[in-house]
Every structure is written in structure tokens, then in C-alpha cells.
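Novice: Quick one: sequence and predicted model below, then my questions.
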Amino acid sequence: MAMLHIIRNSGFSSSALMQCLSMNLPQDSILLMDDGCYNLNHPLLLAALVKQPALKVYFISLHASARAQKTSNTSFVSSTLDDVLELLFSHDNSITWS
Amino acid sequence: MTINYNNETLATDKQGYLLDFTLWNEDVAVLLAQTDEIELSEAHWEVIRFVREFYLTYNTSPAIRALTKAMKAEFGEEKASSRYLYRLFKEGPAKQATKYAGLPKPARCI
Amino acid sequence: MSAAIYEEKQTDKTIAIVNTQAPFSSADGKEALDAALIFGSYEQATSLFFIGDGVFQVIGEQNASAIEIKDYLKTFSALEFYDIENIYVCQQSLTERNLMANFHIDNVQVLANEAFSQRLHQHNVIYRF
Amino acid sequence: MQNTLALVVTTPPNSNLTTTAINLVKRAIDKDVAIVGVFFYQDGVLNAAKHLSIPNDEYQALQHWQQLSNEYHVPLHLCVSAAEKRGLTDELSNNENSNIDKAFIVSGLGELVELTSKAERVVQL
């Protein structure tokens, strides 16, 4: 089953990102929400993307821009809360890491 | 609130549950039941003792389903139904047996 | 509402309760267990997962009463009466913390990362505490 | 058929994370996703604190919850045990004195079981 991993904390201060990456399976997606957007440039996430180029990572663009978080990495998909609703229903289940 | 036992005052909460479960004994159970105008039969005692033992072992009072499942192992099928337990404790076995067993009031949502 | 009334409406969803916090400084572990016991009493297929600092909840030889905390860990031994029989612990989390597989409850299954994650994926609804 | 969603809120109103939960509910309503209910657990129950006073120029989480309840009839369920542990009670001398806002329904964890089984998807925020 495809799981949506929602990350709401910065991986620099919490283990949420690390735990998410250790539980992430190929069919899953990651969604960066709230402080989770600070992970856009986190080395662990970038390394995971190098290892698994097909890994799907979404981020809420409003949450990122409010925090002055930018990325030029085209692997990240800029999203809205409307997209989040679609993601919830296009995945079988979700887990919120925070 | 309080109940009197042996010239001593035992504190209870608003609903009559003993505040300190270590002050309980079987005489106190009779007094607690009296405040609800209930006379304890041997069938009541079986459940009260069982619930207290469960609490002392697991640090929680059993919810009704867990109580029936645990009682089934101890007393067999016939006494392991919620109907049997509700007949004995009309206000709900989890709440009422716990009270006479001197245990804290179970959390409201449980 | 009693469990008896609820029985007719039950679905076949499976619930995972994931524990990620150590037992005593936060209420997370206790509140996760309260939720698990309710799902269990309503006959919902419920599994417990321990990962990260959550593994500190299941290791043996703890003594909560020494620090005046109610020992809710003792309640884990009653899980069988709530039909909660699947208890999974993450091997990597144990290893990182230099912990042995010495638990205060029986029938714990220690799983390597991938297997642990596969089990988690099989559940319809996941609550993380 | 309409998609159905339940939310479990475990973050308190003074955390900005609550705003995201409220906004997601609002988007769901606009997008015709049925919100079966919101369940408040752990520190999330503090969202129902009637006397919580947040400066006027800051985000008023309670007003938004009230709006969701009054205008859109989103059921807001409170775990009463978690609430009582945090000083919220409906058992004061009379209902007028309850410190739980009336937009919220005093419930138990049994309601979480119900929402979990009813909704197609559940998200914890």
C-alpha cells in the first residue's frame, strides 16, 4: 500500500525526517508541511533523493515561502492544501511524523 | 466526601470512589456498597476481587470487554458475558465493581 | 457507548498505533496506550509499533514509581485481554541505542527496518504518538 | 461519490500548526470532501478552552473552529479524559460555567473509533 508521509518538523531539531526516511518504501510519497519545509535543503533528504531518484517529495509552497525556504531541485513538487487533499485520497494511508 | 470505618475517616471523590486504594479491605467494600444501597452477594464478591486483582497486576481497571475476556479464563464461559455482569452491577460493571473494589474511578471516556 | 452496541457497526479496518517517544517525560506513551485499549475494546484490529525513542517504552527493568510516575507500562501485559497481539519493535532503533531485546512484555516481534515498515504499511489507519 | 475525511488534532491552539489543520478543513469543504468529524486528543483538546485569550492581532483559532461548527456543521469532538487532565470540564456547577466552548462536543475515545471506521481517510495534524 502506498503511504503518504507528512513531515511537520525541521529535521535539524527532530528525528521526524530521519524516522520517515527509514520507513519510506518505493511506492510512498513525502509531504513537507509547516516546519517540515525546512527540510527542503536537509542533507538527509537530498541524499535520499540521490539514492532514490524516483522518490516523490511534495511541499506546501505557501509554508515554504513564508519561511524563506527555496529549492531549485526539480524533484520537489510545489503544492497547495488542495493538492494535499488529493494526495490523502490517492494514497492508501498516511502517517504524520512530528 | 468521606466514609467512616473503624472510627477512621476515609476520603472519597464526589462519586464515592476511594481516593487511596491502599486503604481498602473487604469491610470497606461493604460500606462502599451500602452507600449505593447494595448488598453484596458472593457473585458480586467474585467480580470485585477479580477486578481488584486485575488492577493490582496491570495498574488499570479493565474495560468491560477486557473484563469478560479475563473472567472467561478464570471462571469459564457462563460468567464471562457482559449481560451477566450488567445484571450484577446495573450501573455498569467497569464503573461499579471498580468502586467497591476501592479503585480509582475509570477515566470518563473509557 | 458500550462495546456491545458498537459491534454491529464494526468495519474491517486495521489500526496501527506508532510510539516514537520515551515513556515518562511526556504523556504520549500513556495516551497512545489509552487509544490502543479503546480500539481493542471496540474489536478493531489494532497493532502497536515502537520506533525511535518509543523503544524505551518496552525495555525491561524500569521503575516508574521510583520517580512518582504511575507505572502505565504494567498495563502492556494486559493487552491480550484487549485482543492486541501484534507488537512490533524496530531492530535498528534498539541497535542505535545499544539496547538488548530484553522486554517487560512477551510476544514482542523485533523486526528489521524493511519488515517493520512493510507491516506498518499493511494498516489502514496510522496514529503516531 | 463524495470522499470522506476525518481529522485528529493533537496540537494546541497556541501552536501555529493548528492553523494548517483549520485551513485543510476549509479547503476540504470548498472541494466537496465531506469532513466526517474532527477529533481533539492530547494537547489538541485545548482548542476547546472557552476562556483562552489570544491578543486581538493574532490568529483566533477558536473563532475559526466556531465558524466551522456553526456554518458548516463540522462535528468537533473532544476526548473528555484528555480534556479533564488539562483543566477543561463540563461538570462545573452548571453548564453556563463550563469552560469548554459550546462549539465542541464532549466525547470519548469511542468517538475516535467511530470516526476512524466511518471515514475513508484519516489524517493526524
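Specialist: On my side now, so go ahead. Numbering: from 1, shown residues only, chains lettered A, B, ... in the order given.
Novice: quick one: A:Arg8 and B:Thr35, what's the gap?
Specialist: In this view, A:Arg8 and B:Thr35 are 50 Å apart by Cβ to Cβ, to the nearest Å. The way it works is simple: take the backbone N, C-alpha and C, and place the C-beta from them, glycine included.
Novice: Likewise for B:Ala101?
Specialist: Taking Cβ to Cβ, one finds B:Ala101 at 14 Å from B:Thr35.
Novice: what about the two, which has more around it?
Specialist: Counting neighbours by other Cβ atoms under 10 Å in any protein chain shown for B:Ala101 and for B:Thr35 shows that B:Ala101 has the greater number, 26 against 13.
Novice: Just give the closest residue to the residue of chain D found nearest chain C, not the sequence neighbours.
Specialist: Closest to chain C within chain D is D:Leu109: 4.0 Å, counting by Cβ to the nearest Cβ. Counting by Cβ to Cβ, 6 or more residues apart in numbering or on different chains, D:Leu109 lies nearest to C:Ile38, which is 4.0 Å off, once chain neighbours are set aside.
Novice: quick check, distance from the strand or helix carrying the one you found to the centre of its chain.
Specialist: Element membership of C:Ile38, judged by DSSP states H and E, is helix C:28-41. Relative to its parent chain, helix C:28-41 has a centroid offset of 8 Å by Cα atoms, centre = their mean, to the nearest Å.
Novice: which residues touch D:Lys50?
Specialist: Under the criterion of Cβ atoms under 8 Å, 6 or more residues apart in numbering or on different chains, the neighbours of D:Lys50 are D:62, D:98-102.
Novice: And the strand or helix carrying A:Ile30, what does it pack against?
Specialist: Assigned by DSSP H and E, A:Ile30 belongs to strand A:29-32. Helices and strands touching strand A:29-32, by 3 or more Cβ pairs under 8 Å, 6 or more residues apart in numbering or on different chains; DSSP states H and E, are strand A:3-7, strand A:56-60, helix A:81-90.
Novice: out of those, nearest to D:Val45?
Specialist: strand A:3-7 (21.1 Å; Cβ to Cβ).
Novice: the helices in chain C, which residues?
Specialist: Using DSSP state H, the helices of chain C run over residues C:3-6, C:28-41, C:91-96, C:113-121.
Novice: For the last one, which helices and strands make contact with it?
Specialist: It refers to helix C:113-121. By 3+ Cβ pairs under 8 Å, 6+ apart, helix C:113-121 packs against helix A:16-23, strand C:45-50, strand C:86-90, helix C:91-96.
Novice: Point out the most buried one among those.
Specialist: strand C:45-50 (a mean of 24; mean count of other Cβ atoms under 10 Å in any protein chain shown).
Novice: For chain B, what's the nearest residue on chain D?
Specialist: D:Gly108 (2.7 Å).
Novice: My guess is that residue contacts D:Ala82. True?
Specialist: No - using Cβ atoms under 8 Å, D:Gly108 is not in contact with D:Ala82; the gap is 9.7 Å.
Novice: if I pick the residue lying closest to B:Thr60 once chain neighbours are set aside, what's in contact with it?
Specialist: In space, and not counting its chain neighbours, B:Thr60 is closest to C:Thr75: 4.6 Å by Cβ to Cβ, 6+ apart. Neighbouring residues of C:Thr75 by Cβ under 8 Å, 6+ apart: B:58-60, C:33, C:37.
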